[in-house]
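Q: Sequence plus the predicted model coming up.
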Amino acid sequence: MTIDRTPRPGDRQHCNDRSAGRQRSPQPDAPGAADVAPAAVNDDAYIIETADEAAGLVLRQRGGWRFVASDARYGALEGRTFRDPAAAERAAREIARRPG
């Protein structure tokens, strides 16, 4: 009997999608939304999300977390250093609440 060990899409050991299995932050108005930390890419980077869009990510650096915008709407946060990923997410959510 021969065992087929061909990798299949979705096999965790062969999956290259770094977001596989990552839990998304709840909607900003959802109960408990303020209690949930941003989604981790690894210990040194977190994805910052607002509602259904990625605002950017924060990268650990000496002295805090540097924001890298993934959307021009959040360009005002580009390069800013935050105390922690949650502070960056709060700032991004404030921008997301603004009209336009």
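A: Everything's here; your move.
Q: model confidence over stretch 55-73, on average?
A: Stretch 55-73 comes out with an average pLDDT of 95.
Q: what's that stretch in contact with?
A: 38, 41, 43-49, 53-54, 74-75, 77-85, 87-89, 91-92, 95-96 (Cβ atoms under 8 Å, 6 or more residues apart in numbering). Just so you know, the C-beta spots here come from the backbone N, C-alpha and C atoms, and that holds for glycine as well.
Q: can you tell me the distance between the two ends of it?
A: 8 Å (Cα to Cα, to the nearest Å).
Q: What residues sit buried inside that stretch?
A: Ala55, Gly56, Leu57, Val58, Gly64, Trp65, Arg66, Phe67, Val68, Ala69, Arg73 (16 or more other Cβ atoms under 10 Å).
Q: and Arg24, what pLDDT?
A: 44.
Q: Check Ala40 too.
A: Reported pLDDT for Ala40: 60.
Q: Could I get the full set of helices for this structure?
A: 85-97 (DSSP state H).
Q: hang on, the earlier thing: among the contacts of stretch 55-73, which ones are in strands?
A: Val41, Ala45, Tyr46, Ile47, Ile48, Glu49, Glu53, Ala54, Thr81, Phe82 (DSSP state E).
Q: returning to what we had before: list buried residues within the contacts of stretch 55-73.
A: 38, 45-49, 54, 74, 77, 80, 82, 85, 87-89, 91-92, 95-96.
Q: Kindly state the beta-bridge partners for Gly56.
A: Ile48, Ala69 (DSSP bridges).
Q: when you give positions from now on, start the count at 4
A: All right, first residue 4 from here; so that's Gly59.
Q: circling back to that earlier point, need the max-distance pair from the buried residues of stretch 58-76.
A: Gly67 and Arg76 (22.3 Å; Cβ to Cβ).
Q: nearest residue to Trp68 other than its sequence neighbours?
A: Val61 (4.0 Å; Cβ to Cβ, 6 or more residues apart in numbering).
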